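# whatever this is, show me its structure:
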Amino acid sequence: MPAIEIRAVPQEPQALGRLDDYDWIVTTSANGARFLERVASQASQALAELTHARLGAVGRATASQLSDPGVPG
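Numbering: from 1, shown residues only. Below you'll find the predicted structure:
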């Protein structure tokens, strides 16, 4: 029996369109990293194009999800 359920939370549209305004964006799971990539894509903003915001990850699996060569670390 599954012990957790993964669901998307309501999104703040104004925040998604300005990801690069943040100092840090930290993901705590590989699922969260995949969600971040999908949200950025839907907002027509590639993570690789962030110039100000730095990406952080908790754990190796999460970091490897964000280790795309074009994604800043």
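# where does the protein dip in pLDDT?
Judged by pLDDT under 70, the chain has its weakly predicted residues at 9-16, 68-73.
# run the last query once more with 90
Flagging of the chain using pLDDT under 90 yields the residue ranges 1-22, 25, 27, 29-55, 60-73.
# closest to the centroid, which residue in the protein?
The centroid of the chain falls nearest to L36 when counting by C-alpha atoms, centre = their mean (2.8 Å).
# residues contacting that one?
With contact set as C-beta atoms under 8 Å, 6 or more residues apart in numbering, L36 has these partners: 25, 27, 47, 66. In short, each C-beta sits where N, CA and C put it, glycine included.
# check the gap between it and A63 for me.
Between L36 and A63 the distance is 13 Å, computed by C-beta to C-beta, to the nearest Å.
# in a markdown table, list the contacts of L36 along with neighbour count and secondary structure.
Compiled in a markdown table, these are given as follows (neighbours: other C-beta atoms under 10 Å; DSSP: H, G, I helix; E, B strand; the rest coil):
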| residue | neighbour count | secondary structure |
| --- | --- | --- |
| I25 | 17 | strand |
| T27 | 21 | strand |
| L47 | 21 | helix |
| L66 | 21 | coil |
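# quick check: of the residues you listed, which lies closest to M1?
For M1, the closest of the contacts of L36 turns out to be T27, at 26.6 Å, with distances computed as C-beta to C-beta.
# picking that back up, between all of the contacts of L36, which two are separated the most?
Taking every pair in those and measuring C-beta to C-beta, the maximum separation is 10.6 Å, between T27 and L47.
# any residues in contact with both of these two?
Both T27 and L47 are contacted by 36, 55, 66, under the criterion C-beta under 8 Å, 6+ apart.
# quick revisit: rebuild the contacts of L36 as CSV, extending it with distance to S41.
Formatted as CSV, these follow (distance: C-beta to C-beta, whole Å):
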residue, distance to S41
I25, 14
T27, 15
L47, 9
L66, 14
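# and the helices in this protein?
Assignment of helices within the chain using DSSP state H yields the ranges 13-16, 30-42, 60-65.
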